[in-house]
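[1] structure for this input, please:
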Amino acid sequence: MTNAPSWFNEQVDYSGSSIGFRVTKKLHEEQSAFQKIEIWETTDWGNLMVLDGCIMLTSRDNFLYHEMMAHPALFSHSNPKRVVVIGGGDCGTLREVLRHREVESAVQVEIDERVTRMAEQYFPELCEANNDPRAQLLFDDGIAYMRDAAAESIDVIIVDSTDPVGPAEGLFNEAFYQTCYKALRPGGILVQQSEPPLTQLALIKSMRQLMRQVGFAAVRTIPFPQPAYPTGWWSCTMARKGADLSGFRERGAYSKPFATRYYSADIHKAAMILPEFLREALGE
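    Next up is the predicted model:
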């Protein structure tokens, strides 16, 4: 490819839309054991990672997703000492988790090591916590990891996966949620990316129903902006074992000893108030 600007476009069938970025060159392409990985240089959004034709992240806007996948859950837990990230191969969520001083152990279980190696090369800012002594990077099947996890051994589980197709499909069913429920300590929290609320309401409803079926006492869906993803609007869904999700460590969030670009205590409170159509659709 020449250095003349062109466009990378992802067509999204389920939303009847597409998202595109102006690119100058392809920096890398390979077929791993699990998926096709592409890295592009864009004119305005930094580097772009694409997996099997689907946009995963850009340098410019990934902070929205990573911060909202990590901080609402961690500040909602009274003392999150042991955290497990399922997926999250770009390591951005792991970085946000390890900003919390009370976290003693953070295990990232990513099935495709090549995603992490590409992130280290092309998104090094996301991988700056990879050598933290509290971090453990495992390249393994997250479904099997959770199935084998000891009962009541984890405080927070973050499922930072791709869309519910291919290797990630098994992360969106009752059997997986049962393993998460078993592995969480009382008061533990599961948070999972839950696709765009504008077009994937059926999936979000299904996730929430299954989480409740396996025993989670409270479930909340949190929408947030994400320009690089279909519709420009995304969500994560939190579920708590044996307690509600009505409060969080507000004082800790206001006085957090680290910088964020999107998340704050006020954003946390605001994100818990759903738009009317979502509130009605989800019965909140």
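[2] hmm, Arg60 is touching Leu48, no?
    No: using CB atoms under 8 Å, Arg60 makes no contact with Leu48, being 9.3 Å away. Bear in mind the C-beta positions are built from the backbone N, C-alpha and C, glycine included.
[3] those two: which is more packed in?
    Neighbour totals were compared for Arg60 and Leu48, and Leu48 leads with 24 against 16 (other CB atoms under 10 Å).
[4] isn't that one up against Leu27?
    No: contact criterion CB under 8 Å: Leu48 and Leu27 do not qualify, at 9.0 Å.
[5] helices along the stretch 51-200 of the chain, start to end?
    62-76, 92-97, 113-122, 142-148, 174-183 (DSSP state H, counting those that start in this stretch).
[6] so which of those helices is the most surrounded?
    Of all the helices of the stretch 51-200 of the chain, helix 92-97 carries the top mean neighbour count, a mean of 27, counting by mean count of other CB atoms under 10 Å.
[7] let me see the mean pLDDT of that helix.
    In this model, helix 92-97 has a mean pLDDT of 98.
[8] any idea how far the closest residue to Glu152 other than its chain neighbours is from Lys81?
    The shortest distance from Glu152 to any non-neighbouring residue, by CB to CB, 6 or more residues apart in numbering, is to Arg185 (4.7 Å). As judged by CB to CB, to the nearest Å, Arg185 and Lys81 stand 9 Å apart.
[9] do the same with Met68
    If you go by CB to CB, the gap between Met68 and Lys81 works out to 22 Å.
[10] before we move on, what about Met69?
    19 Å.
[11] and what of Val23?
    Distance from Val23 to Lys81, counting by CB to CB: 42 Å.
[12] domain-wise, how is this structure divided?
    Per automatic domain parsing, the structural domains of the chain span 6-58, 62-282.
[13] and the contacts of stretch 29-49?
    5, 8, 21-28, 50-53, 55-61, 90, 111-112, 114-115, 118-119, 122-123, 166-167, 228 (CB atoms under 8 Å, 6 or more residues apart in numbering).
[14] Arg185 and Lys81 - which one has more neighbours?
    Between Arg185 and Lys81, counting by other CB under 10 Å, Arg185 is the more crowded of the two (19 against 16).
[15] what's near enough to touch that one?
    Counted by CB under 8 Å, 6+ apart, Arg185 has contacts 152-155, 241.
[16] any of those buried? List them.
    Taking 16 or more other CB atoms under 10 Å as the criterion, what is buried in the contacts of Arg185 is 154-155, 241.
[17] lovely, talk soon.
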